[in-house]
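Chemist: Build me a model from this:
(one chain, ligands or ions: 1)
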Amino acid sequence: MRQDLMRIWGLWATRRGWLLGGLAVAVLSALSAVALLALAGQGVAAGVAGAGGAVALLLTRPMVLIRPALRWAERMVSHEATFRALADTRVWFFRRLAERMPAGLGHTGAGDARARMIADIEALDGLYLRALLPAVAAAAVVLVTALLLGANPGLAALVALPLALAILLPIWLARSAAPAAEAVTEARGAVHRAALDPLLGLTETLANNAETRAADRLAAATGAMHAAERRLSRRSALGGSLGTLCAQAALLGALGWALSGSGGLGLAVLGLFLALAAGETLALVPRAGASLASAGAAARRLLALADAPPPVLEPDAPAPLPRGNTLRFEGVTFSWGEGRDTVLRGLDLEWREGERLALLGASGAGKSTLARLMLKFAAPDAGRITLGGQDIAGLAAPDLRGRIACLAQDARIFEGSVAENLRIAAPAAPDAALWRVLAQVGMAEFIRSLPAGLDTDCGEGGSRFSGGQARRIALARALLQSAPLLVLDEPGWGLDAETERAFLAVLEEATRGRSVLLITHRLVGVERPDRVLRLVGGRLFPAAA
Ligand SMILES: Nc1ncnc2c1ncn2[C@@H]1O[C@H](COP(=O)(O)OP(=O)(O)OP(=O)(O)O)[C@@H](O)[C@H]1O
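Modeler: Prediction:
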């Protein structure tokens, strides 16, 4: 746990100024509480002794204002620090995921990754806000208490030692709370999945009358989560009780010392008031144990995913992009991981520059896998893939992807306007270019008829449009990318027969001068490919058009 949390702290290096600033203000704020009560105590002692206590009163007045100001500053600075650190962590995690799962989350649990991205990263704020901040502030208070009472080491020990114990206890408890925190984090992920999965597939859930079963699963997952949370709360409550016990022991110690009459009135009152002041700061510490354990569990889950080896390593010194655009597979063998079926077996392919290739094959034959290998979303287990004679392993992935445009089978429409979705492929494309590709996929007229035209919002996952319309926008996006090689994975998926034929008929015109790889289950007769290949048993065979 410690190592994982240290890694997370290391990730926040660029926010060290804010984080340390927050710590400093938290310490000052806690010490101001001590100063206020210490001065009040001195005032009371002076008053009781008939010495007036005017000086204490004079000093107390500004403290009454300084303290709330420091509390306000503590909130603002520490929350800003946390916000910035967590934002960095989210971006870092996103990049790590993108490197490690270029072929998409579909095969690795999108719900789980989403839970980690949101909930686990949020739980990390406990490391700073609820563990480090209160613990450091409390430690400073205990130290200052010991120093202020230093005139009498006996009294100092009676007050400061139980208080120090109140800080150490939650840290010690955090270790034993780690499994409970881990269980809570896992259970939250399970609730996320149980809630999201049937919702994302709501139509199937309802059509199969499966909502009761889905609700039962969600209830079971929620029950398991509450049970796990209860176990963690018990630990937290134990920490809270033990912490309070320690703080009260300090008060009792100070009171006992005062009543024993072994020192002056001033010191006795100071001891009592300091024990009271410290109690207030220490009240936040017991929660630190559970928060630390939860942050540790979240950090472990995040790092497990973020540290997975990337499927394709980027070259240290990428080769320059070659001139030619002929793409070759030379004896490529590939499986998606240990224990998984071999998808490609010593596959050879020459996709010549400017060639229009149709790739047929049964479902699951490995057609999309072939496309993913070309884009370096995965790397061959044996053999190599070359572009213009250069092994793509030596090319930087962004360079390669600038040469090969791809319409994936499950291409997603993002939230944002039609224009924004298209410009993902070509950020500087003028409106005229957008209209051109929309016309090529038969969508220009429809988009023009919408009040907002190109600015029409697509909705989440393209929900503003029908499946076929969304598919055509994705197709237009692939056409817009001016890459010389174009891979179209099932471009007709979701289109009615007439639209599919119309699109395939204009494909030649729309992709003139480019190499096209058309991946499909079947040809409809209007494609006019230069060559047709069929993928069977991990190898390619010539097929009739
Ligand atoms: N990203 C991935 N991670 C793990 N396994 C994968 C991944 N993509 C594909 N597979 C697996 O590889 C095998 C071939 O799948 P692929 O999608 O390449 O076939 P396909 O010929 O395109 O099928 P379809 O025509 O049904 O789309 C399948 O067993 C599939 O589960």
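Chemist: What's the separation between the closest residue to the ligand within the stretch 201-350 of the chain and A98?
Modeler: Nearest residue of the stretch 201-350 of the chain to the ligand (CB to the nearest ligand atom) works out as W336 at 3.5 Å. In short, each C-beta sits where N, CA and C put it, glycine included. Separation of W336 from A98 (CB to CB, to the nearest Å) stands at 18 Å.
Chemist: Now R464, what are its backbone angles?
Modeler: Backbone dihedrals for R464, given as degrees, to the nearest 10, come out at phi -70, psi -20.
Chemist: what does L359 give?
Modeler: phi -120, psi 110.
Chemist: That one: how many residues sit nearby?
Modeler: Residues near L359, counting by other CB atoms under 10 Å, number 25.
Chemist: again with E314
Modeler: 13.
Chemist: Got phi/psi on it?
Modeler: phi -80, psi 140.
Chemist: Between W336 and A98, point out the one with more neighbours.
Modeler: Higher neighbour count among W336 and A98: W336, with 16 against 10, using other CB under 10 Å.
Chemist: so the more buried one sits right up against V343, yeah?
Modeler: Yes: assessed by CB atoms under 8 Å, W336 is found in contact with V343 at 6.7 Å.
Chemist: Identify the contacts common to those two.
Modeler: T369 (CB atoms under 8 Å, 6 or more residues apart in numbering).
Chemist: show me where pLDDT drops low in the stretch 401-545 of the chain?
Modeler: 545 (pLDDT under 70).
Chemist: Show me what from it comes close to the ligand.
Modeler: 409, 521 (CB under 6 Å from any ligand atom).
Chemist: and if you look at the stretch 201-350 of the chain?
Modeler: Residues of the stretch 201-350 of the chain lying near the ligand (CB under 6 Å from any ligand atom): 336, 343.
Chemist: in the stretch 201-350 of the chain, which spans are helices?
Modeler: 202-207, 211-260, 265-282, 286-306 (DSSP state H, counting those that start in this stretch).
Chemist: So which bits of the first one are buried?
Modeler: Neighbour-count burial for helix 202-207, counted by 16 or more other CB atoms under 10 Å, picks out T205.
Chemist: do the same with stretch 361-371
Modeler: Burial within stretch 361-371, assessed by neighbour count using 16+ other CB under 10 Å, is assigned to 361, 365-371.
Chemist: Could you do stretch 176-196 as well?
Modeler: 177-178, 180-195.
Chemist: pLDDT (mean, whole number) over that stretch?
Modeler: For stretch 176-196, the mean pLDDT works out to 85.
Chemist: go on, stretch 283-301?
Modeler: According to the model, stretch 283-301 has a mean pLDDT of 83.
Chemist: chain center to it: distance?
Modeler: 18 Å (CA atoms, centre = their mean, to the nearest Å).
Chemist: same question, stretch 17-28
Modeler: 26 Å.
Chemist: Would you mind pulling the contact partners of it?
Modeler: 12, 70, 73-74, 77-78, 80-82, 84-85, 128, 132-134, 136-137, 140.
Chemist: Name the SS class of the closest residue to the ligand within the stretch 401-545 of the chain, please.
Modeler: Residue of the stretch 401-545 of the chain nearest the ligand, by CB to the nearest ligand atom: Q409 (5.5 Å). Following DSSP: H, G, I helix; E, B strand; the rest coil, Q409 is assigned to coil.
Chemist: For it, give me phi and psi.
Modeler: According to degrees, to the nearest 10, Q409 has phi -60, psi -40.
Chemist: Run through the stretch 151-300 of the chain and note the low-pLDDT ranges.
Modeler: Checking the stretch 151-300 of the chain against pLDDT under 70 turns up 263.
Chemist: Go again with 80.
Modeler: 170-176, 236, 239, 261-266, 283-284, 286-287, 289-290 (pLDDT under 80).
Chemist: Which residue ranges make up the domains of the chain?
Modeler: 2-306, 327-542 (automatic domain parsing).
Chemist: what's the closest of those domains to V312?
Modeler: The minimum distance between V312 and the domains of the chain falls on domain 327-542, with 4.6 Å, by CB to CB.
Chemist: first to last residue in the closest one, what's the distance?
Modeler: 17 Å (CA to CA, to the nearest Å).
Chemist: Give me the distance between it and the centre of its chain.
Modeler: That offset, for domain 327-542, works out to 29 Å (CA atoms, centre = their mean).
Chemist: hmm, back to that, I'd like to know which of the domains of the chain is closest to A319.
Modeler: domain 327-542 (4.2 Å).
Chemist: Enumerate every residue touching the closest residue to G453 other than its chain neighbours.
Modeler: In space, and not counting its chain neighbours, G453 is closest to I447: 6.1 Å by CB to CB, 6 or more residues apart in numbering. Shown in contact with I447 (CB under 8 Å, 6+ apart): 418, 438, 453-454, 456.
Chemist: Can you name the next helix or strand after the helix or strand I447 falls within?
Modeler: Secondary structure from DSSP states H and E places I447 in helix 444-449. Counting by DSSP H and E, the next helix or strand C-terminal to helix 444-449 is helix 467-480.
Chemist: can you pick the most crowded of the contacts of I447?
Modeler: The most crowded member of the contacts of I447, judged by other CB under 10 Å, is V418 (26 neighbours).
Chemist: Which stretches in the protein count as strands?
Modeler: Along the chain, counting by DSSP state E, strands occupy 327-335, 342-351, 356-361, 382-387, 390-391, 404-407, 485-489, 515-519, 531-536, 539-542.
Chemist: and those strands as a markdown table, adding distance to L20?
Modeler: Output for the strands of the chain, formatted as a markdown table (distance: least, CB to CB, whole Å):
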| stretch | distance to L20 |
| --- | --- |
| strand 327-335 | 49 |
| strand 342-351 | 51 |
| strand 356-361 | 58 |
| strand 382-387 | 49 |
| strand 390-391 | 48 |
| strand 404-407 | 46 |
| strand 485-489 | 50 |
| strand 515-519 | 54 |
| strand 531-536 | 58 |
| strand 539-542 | 60 |
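Chemist: Quick check: the gap between the residue nearest the centre of the chain and R95.
Modeler: The residue lying closest to the centre of the chain (CA atoms, centre = their mean) is M117, at 2.4 Å. Remark: distance between M117 and R95 (CB to CB) = 12 Å.
Chemist: what's the answer for E186, then?
Modeler: E186 is 25 Å from R95, by CB to CB.
Chemist: ditto for R423
Modeler: Taken as CB to CB, the span from R423 to R95 is 22 Å.
Chemist: Looking only at neighbour counts, state which of these two leads.
Modeler: R423 (18 against 11).
Chemist: so, in contact with the ligand or not, stretch 90-102?
Modeler: No: Stretch 90-102 does not reach the ligand (CB under 6 Å from any ligand atom); its nearest approach is 8.1 Å.
Chemist: can you pull the buried residues of that stretch?
Modeler: 92-93, 96-97, 99-102.
Chemist: Throw these into TSV and include pLDDT and distance to A510, thanks.
Modeler: Below are the buried residues of stretch 90-102 laid out as TSV (pLDDT from 0 to 100; distance: CB to CB, whole Å):
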residue	pLDDT	distance to A510
W92	92	39
F93	90	38
R96	88	37
L97	85	33
E99	82	33
R100	80	35
M101	73	31
P102	68	27
